[in-house]
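Asks: What follows is a predicted protein model with its sequence.
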Amino acid sequence: MTARTHQQAFDKANALIEALPWLARFHGQTVVIKYGGHAMSDPGLRARFAENIVFLRYAGLRPVVVHGGGPQISAHLDRLGVQSEFAGGLRVTTPETMDIVRMVLVGQVNREIVGLVNDHGPFAVGMSGEDAHLFTAERRPGIVDGVPVDIGLVGEVVDVQPGAVRSLLDDGRIPVVSSIARSDLGDGVYNINADTAAAALAVALDAAKLIVLTDVEGLFADYPDNTELINRLSASELESLLPDLTSGMVPKMEACLRAVRGGVPQAHILDGRVPNAMLLEVFTNDGIGTMVVAEAAGPEDLTGAVGLGEEAAAE
Ligand SMILES: Nc1ncnc2c1ncn2[C@@H]1O[C@H](COP(=O)(O)OP(=O)(O)O)[C@@H](O)[C@H]1O
Ligand SMILES: CC(=O)N[C@@H](CCC(=O)OP(=O)(O)O)C(=O)O
């Protein structure tokens, strides 16, 4: 072995040891991962995403994927000559648009993610949020300049029945969920923003983490003038920032707030363009991206916690 390869092997062993307390902490815990359409753009990164998910499963976590596909829906509408329109980060959804949303999310994006994960074994099972009454939603307006406007068949999740997802997890599977809900009136389906759907599911499953993968490093302060990353903020700090946020960050940060206020200990915004972003977040001491926690506290460090037992390490 040359001195260089010896050093590389040493670094790899150290990286594995650094993961040990985090493996102990998250073993058996459910983690909900929101996979955004913008994070799916590159085929190599999509394959890496699937590897990361399967790694989490082999490491003893219970990963659940909730996926978006906004750019993929817009591209399809574009090909049909339909212009996409958004209000406060939410797609204005006519009945015709709803058919396309459902077709692209359930029939195309979901299938592709399931296929990529299943290249590694019989793990992923795809489902739409309308299946087994997983998500029920009521119509919600869009907010433009503080004023509510009608945006069509867009829903807010009002009920989650996570039994089917739990059964899949108990069976060692990886559920992959599209953000569609049945209507509370029982007369059709609604388009749910995937960040919103992921947060609702994370709360219902008592998840240990919500991870939102997107195409920026995390939440920037004073975007777009300033792109300084906010590493960590409390739910109350986030609440006061929310009125100043714009476009896609609005549903994303609302989702983090909803998850943390609903009892999920940590919600993260990560850059899905970074290879192995999820592994870096879950298994390293420094983590990456923006983390939202219930209330501000010192940085979490479990170094030396192994040997105290899982409960003590999780304190
Ligand atoms: N404060 C902010 N910090 C970071 N990104 C922001 C901020 N405000 C708006 N954005 C925009 O939000 C985008 C992410 O939202 P979105 O396009 O809906 O992603 P996704 O498809 O992953 O859900 C970023 O690419 C960025 O352009
Ligand atoms: C109501 C609403 O806006 N629904 C989204 C659903 C997909 C989604 O959220 O995709 P991303 O996560 O890739 O943005 C839409 O129609 O685009």
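Replies: Structure received. Ligands and ions are numbered 1, 2, ... in the order given.
Asks: and the stretch 201-315 of the chain, which residues reach ligand 1?
Replies: Within the stretch 201-315 of the chain, the positions adjacent to ligand 1 are Thr214, Asp215, Val216, Leu219, Phe220, Tyr223, Leu245, Thr246, Ser247, Gly248, Met249, Lys252 by Cβ under 6 Å from any ligand atom. Just so you know, the C-beta spots here come from the backbone N, C-alpha and C atoms, and that holds for glycine as well.
Asks: who are the neighbours in contact with the fifth one?
Replies: When you say that, I think you mean Phe220. By Cβ atoms under 8 Å, 6 or more residues apart in numbering, the contact list for Phe220 reads Asn226, Thr227, Glu228, Leu229, Ile230.
Asks: one more time with 10 Å
Replies: For Phe220, the contact set (Cβ atoms under 10 Å, 6 or more residues apart in numbering) comprises Asn226, Thr227, Glu228, Leu229, Ile230, Leu245, Met249, Thr290.
Asks: Can you tell me which of these comes closest to ligand 1?
Replies: When these are ranked by distance to ligand 1 (Cβ to the nearest ligand atom), Met249 comes first, at 3.6 Å.
Asks: per-residue confidence at that closest one?
Replies: For Met249, the pLDDT comes out at 89.
Asks: thinking it is in contact with Ile269, fair?
Replies: Yes. Counting by Cβ atoms under 10 Å, Ile269 is a contact partner of Met249 at 8.5 Å.
Asks: Between those two, which is the more surrounded one?
Replies: Between Met249 and Ile269, counted using other Cβ atoms under 10 Å, the more crowded position is Ile269 (28 against 20).
Asks: That one: which element?
Replies: Taking DSSP states H and E as the criterion, Ile269 maps to strand 266-271.
Asks: Who are the packing partners of that strand?
Replies: Counting by 3 or more Cβ pairs under 10 Å, 6 or more residues apart in numbering; DSSP states H and E, the packing neighbours recorded for strand 266-271 are strand 30-35, helix 194-204, strand 209-214, helix 249-261, helix 277-283, strand 290-293.
Asks: Sheet partners, orientation included, of that strand?
Replies: If you go by DSSP bridges, strand 266-271 pairs up with strand 209-214 (parallel), strand 290-293 (antiparallel).
Asks: mean confidence for it?
Replies: According to the model, strand 266-271 has a mean pLDDT of 96.
Asks: what about it, near ligand 2?
Replies: No. Under the criterion of Cβ under 6 Å from any ligand atom, strand 266-271 makes no contact with ligand 2; the nearest approach is 12.1 Å.
Asks: what's the angle from that strand to helix 249-261?
Replies: Computed by axes from the mean of the first three to the mean of the last three Cα atoms, to 10 degrees, the angle separating strand 266-271 from helix 249-261 equals 150 degrees.
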